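Q: Fold the following, please.
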Amino acid sequence: MIEPSKRVSRGWTVAKKKEFRGYITQDLDRLVRALAAIKNGDRDWSISDVLQDALEHWAKLPENQELIKKHNLNKLD
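A: Numbering: from 1, shown residues only. A predicted model of the protein is given here:
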């Protein structure tokens, strides 16, 4: 069962959204926006979707998974 704070969107279970800010280079900004626009033929990609996807991928890297296990970060609330 999906928790009340979560919903299913585009086949994903989505939790409540939190604002996340950061700075990127102008070149990366142009590239990401261009790719998101091109990919919109397959799915409606927003910059938030791109950021979510990139951070999920980063968190799944083996060295980050080791840190998650070592520090019990998978149990954060």
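
Q: CA only for contacts and neighbour counts going forward, please
A: Fine.

Q: got a list of what the residue nearest the centre of the chain touches?
A: With distances taken as CA atoms, centre = their mean, the chain has residue 52 as the residue nearest its mean C-alpha position (1.3 Å). Contacts for residue 52 (CA atoms under 8 Å, 6 or more residues apart in numbering) come out as none.

Q: got it, and residue 73?
A: If a contact means CA under 8 Å, 6+ apart, then residue 73 has residue 67 as its contacts.

Q: now this structure, which segments are flagged as low pLDDT?
A: Low-confidence regions of the chain, defined here as pLDDT under 70, cover residues 1-14, 42, 77.

Q: Okay, and the nearest residue to residue 59 once chain neighbours are set aside sits in which element?
A: In space, and not counting its chain neighbours, residue 59 is closest to residue 65: 6.8 Å by CA to CA, 6 or more residues apart in numbering. Using DSSP states H and E, the secondary-structure element containing residue 65 is helix 62-70.

Q: residues near residue 40, how many?
A: Residue 40 sits with 11 neighbouring residues when counted by other CA atoms under 10 Å.

Q: One more: residue 37?
A: Counted with other CA under 10 Å, residues neighbouring residue 37 total 15.

Q: Let me know whether it touches residue 49 as I believe.
A: No. In terms of CA atoms under 8 Å, residue 37 does not count as a neighbour of residue 49; the distance is 12.0 Å.

Q: what about residue 55, distance to residue 49?
A: Look at residue 55 and residue 49: by CA to CA, to the nearest Å, they are 10 Å apart.
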